[in-house]
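In: No letters, just coordinates:
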């Protein structure tokens, strides 16, 4: 609608002068103003008039019309207690992973991580010299008996009601004890001044937006994207994966979804021999793996992958 | 004026004057000045690099996401270890009525106070956010071994300072009363610190009781600091740290290096101040026997720590152990085990090996070995996480401390020596009054036939 | 719940530059006009930078658009999705403003506008409550026009009326979900729809979980599905059962839901308030608090006593 054609502008003005459909125009105009100016948050909860399919005017709540553009920032208490009545859980189907690394790309983009700092790694695993290697996407497992949280001297990392283990980087003293305690090496540290983040992406500064407000000398890690979850969206790695490797959901509901399929968690883990990494350590991870059996893709090393890409091009 | 000694008759007095003159702190000689200047310079260089570290973050170190702890932590463990000597000499030996250790109590307390202070400082140097240090107190989580460490190190520092200060009271009073040609501030300092000490029976009674309480109290606290420090490692799952042997292993190692530190300092003090009459060959012999005993205990814990895991060669431990025994850390590992433990034991077992100069060299070997032993405890373990780390940048796979790290570490070591030197400069390193009284008692036993000498002053 | 409209989708693709002179915005106040003028400048700048940074010929990218109508309980949801080529592959395109129209693409028929999200989707929900008996088919359009980076695109969908009801009954300890599907016959009378494939789900946080095998309606337009006993509900056991018909020739995408306490109630055992070694400092294990504080009190009690003794030494020195 923002067209710089003057003819169109004139036409519009003429049109407005006619005053036809004045009521409908009022309704639509006000909505559009909101749309164009990104003022949706302000208008939420407000009633707006709308043109119905039969040409009638109906009044509806504005938040009904579109997804919430910006959810309000969570306060520190809420960020520490978590989303009520939820217990988030992830299932990673190793049989589907072909090291496409879209999960990592999406993760790095949204958490402002990258080569020197990774929340998500796709590791090449080999259980013994004979069995075939496989790719294992690895992230914070948000353990139910988290060794990292146990050792934190200042409550900077904490376990929430919804199962997530998060970090308050305004509290962290940078002792790195949690990094030593994590047997999965999933915690990363801002050794130097982190790259500055575009403040327009998120103005909220809470433990729920890992990486967005990175601070020198503090620990970070995968946070299961609770900011996404609050918007009823799944973590970035889940939505980005082209092969449906990641399933995410709520253990209380006994269901996980990979964006396309929603499956019963208990049934999936029972029938497909779900396991957790280093179960013997007793950390009780909230991430389950499905073993890499009946694989969809043959295993290819990174080098082979690169050569394949070249030959395609 | 009341005398500060129990025996103040003329027969003893000339000897008192001589002992007092010999044992009172003296101004630095030219060697002393060079020594202090060097220490100040090294500390200043360390401070310069620490300012760089505050400005740029820990990025200036060789630490990265796999090797998260480096020589700062090794150095921290080293300082905590050395500080245990205070409890060894001034508590354990004192409580078991070992009289010969009297000239060594003060130097060991001085070493303990200096190293525990530096231990606290070094751990702050290792922090990513030293500006938030107070969070450790404001938001203290009682479940964290770091919180326990903060509690127990603070407690140990207080007890050590008290255990240094209280037995110093008679000497402080002596300096207050007899030191005339010193600057005003120094006189004032002695006057205040002497705390109205008049050597009255009441005061002496209180002092004896207080020192006894502290000597008992410091033993569990000393075991506490080093056990908790070992738990910083043993409370994790990492191969090489996940050991139930760690507490006694650390404590036995600490006593060994602490005894070596006392030997090294008594050698230097004896040479520098010409204290051959006070720190005798007998002292060296006895400290040598003590060191060899402590080293044998440490050897025993080493066997437990390495042999049994190596016998099993558990999958997760094998990479770590192989790297120590035959891998890139093997030269350092064997030098430390042989040069810092086995050879010292072998030398000290012989009578000839317990002579001052030999023992000085041996104790330096033990101290250097002990520092690198802490390096070997902290760093190689971090090279072997449970999950593969082959995707990490090449430079991260092996930790090489940077110049900044070495300079900061050297600065802290120099700082500790500086504190020791300054304390010796202003306070008698050998307890004057205590030495005199013990000597008097000794002579009294010899001349027991002359009861007239025993004239008490009330 | 009784009167629900169901729409059939008619899918077609009209693309290009057919509607060159259609206004895409309606403004009534001067305020909005000035706002518009300022944003126009921004757009101008944007288009300039885009032009210089992308291709020299200023070619716009092809935009693929789809439009679907979903009848969900009392609402009609229009979902338009746009995709464009990124690295030789069509990918969901975010940030494109999509306009929704009814009947025809002309300003007075504009329903509203939305900017596509990261999935390339923009949607518009039209409430149908209050006009339950309408039997007429409805036609909707979605369009993108005069976008600086993308070619114009337009898409249409026709929604046909239908009727779908969901009932939950318990018969002899069996929990049954009963569904009826109807559509208007040629005379405009609502008659049962046979052979329509219908699935029953429960609503979950991030999707719909299928709870029964898919079934087809009988000659009376009915389905009776047994609801399993092992479905988890919320704290009071409530579950939202969703019956869904997808891509049906006669009725299109239709969905009805009903909330009923048939689920296993969730036991909420909160992590945060547990007293464990990993709990927050406010929830430390009691035994640990006692042990640590007792040790501290004992040792610091002695230290405090020593300090008192030092003061006593001082006082004794004064009196002498």
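Out: Ah, there it is. In this text, all values refer to a predicted model and were calculated from it rather than measured experimentally.
In: where along chain C do the helices fall?
Out: C:30-53, C:286-319 (DSSP state H).
In: Show me which residues of the longest one are buried.
Out: Meaning helix C:286-319. Applying a neighbour-count criterion of 16 or more other Cβ atoms under 10 Å in any protein chain shown, one finds C:292, C:295, C:299, C:302, C:303, C:306, C:309, C:310, C:313, C:316, C:317 buried in helix C:286-319. For the C-beta atoms, the positions are set from N, CA and C on the backbone; glycine is no exception.
In: do you know how far the fifth one is from residue B:350?
Out: Think residue C:303. 44 Å (Cβ to Cβ, to the nearest Å).
In: Least confident of the helices of chain C, on average?
Out: Here the lowest mean pLDDT among the helices of chain C goes to helix C:30-53, at a mean of 37.
In: In the stretch 51-200 of chain C, which residue sits nearest chain B?
Out: Taking Cβ to the nearest Cβ as the measure, the stretch 51-200 of chain C has residue C:87 as its residue closest to chain B, at 23.8 Å.
In: Can you give me the end-to-end span of stretch C:278-291?
Out: Taking Cα to Cα, to the nearest Å, stretch C:278-291 runs 17 Å from one end to the other.
In: Just confirm yes or no for it near chain A.
Out: Yes - shown here: stretch C:278-291 in contact with chain A (Cβ under 8 Å from any Cβ of the partner chain) through C:278, C:279, C:280, C:281.
In: So what's the residue count around the residue of the stretch 101-250 of chain C found nearest chain A?
Out: Residue of the stretch 101-250 of chain C nearest chain A, by Cβ to the nearest Cβ: residue C:207 (3.6 Å). Neighbours of residue C:207 under the rule other Cβ atoms under 10 Å in any protein chain shown: 20.
In: Likewise for residue A:109?
Out: Counted with other Cβ under 10 Å, residues neighbouring residue A:109 total 12.
In: What residues does the stretch 201-313 of chain A have near chain C?
Out: So the stretch 201-313 of chain A meets chain C at A:232, A:234, A:239, A:248-250, A:252-257, A:259, A:261-264 (Cβ under 8 Å from any Cβ).
In: Spell out for me the ChimeraX command that would select the buried members of these.
Out: Per 16+ other Cβ under 10 Å, the buried members of these correspond to this ChimeraX selection:
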select /A:234,239,248,249,250,252,253,254,255,256,257,259,262,263,264
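In: Filter the residues of the stretch 201-313 of chain A next to chain C down to the ones in strands?
Out: A:248, A:249, A:250, A:255, A:256, A:257, A:262, A:263, A:264 (DSSP state E).
In: dump the residue contacts of the closest residue in space to the fourth one that isn't next to it in sequence.
Out: What that stands for is residue A:255. In space, residue A:255 comes closest to residue C:204 once its chain neighbours are excluded; the distance is 4.1 Å by Cβ to Cβ, 6 or more residues apart in numbering or on different chains. Counting by Cβ atoms under 8 Å, 6 or more residues apart in numbering or on different chains, residue C:204 makes contact with A:249, A:250, A:253, A:255, A:257, A:262.
In: re earlier: what subset of the buried residues of helix C:286-319 is also close to chain B?
Out: Subset of the buried residues of helix C:286-319 in contact with chain B: C:292, C:299, C:302, C:303, C:306, C:309, C:310, C:313, C:316, C:317, counting by Cβ under 8 Å from any Cβ.
In: and the nearest residue in space to the third one that is not next to it in sequence, which of the three is it?
Out: Nearest non-adjacent residue to residue C:302, counting by Cβ to Cβ, 6+ apart: residue B:217, 5.4 Å away. Reducing the assignment to helix, strand or coil with DSSP: H, G, I helix; E, B strand; the rest coil, the entry for residue B:217 is helix.
In: hmm, back to that, ok, so of the ones next to chain B among the buried residues of helix C:286-319, who is nearest chain A?
Out: For these, the nearest to chain A is residue C:292 (13.2 Å; Cβ to the nearest Cβ).
In: ok, and the closest non-adjacent residue to the closest one?
Out: Using Cβ to Cβ, 6+ apart, the closest residue to residue C:292 is residue B:142 (5.5 Å).
In: distance of the one you found from residue A:181?
Out: Counting by Cβ to Cβ, the gap from residue B:142 to residue A:181 is 17 Å.
In: Tell me which residue of chain B lies closest to chain C.
Out: Of all residues in chain B, residue B:196 sits closest to chain C, at 2.5 Å by Cβ to the nearest Cβ.
In: So what's the residue count around that residue?
Out: Residue B:196: 19 neighbours (other Cβ under 10 Å).
In: could you measure it against residue B:172, distance?
Out: 10 Å.
In: do residue B:144 as well
Out: 40 Å.
In: Might you list the low-confidence residue ranges for chain A?
Out: For chain A, the stretches with pLDDT under 70 are A:1-71, A:115, A:196-203, A:305-313.
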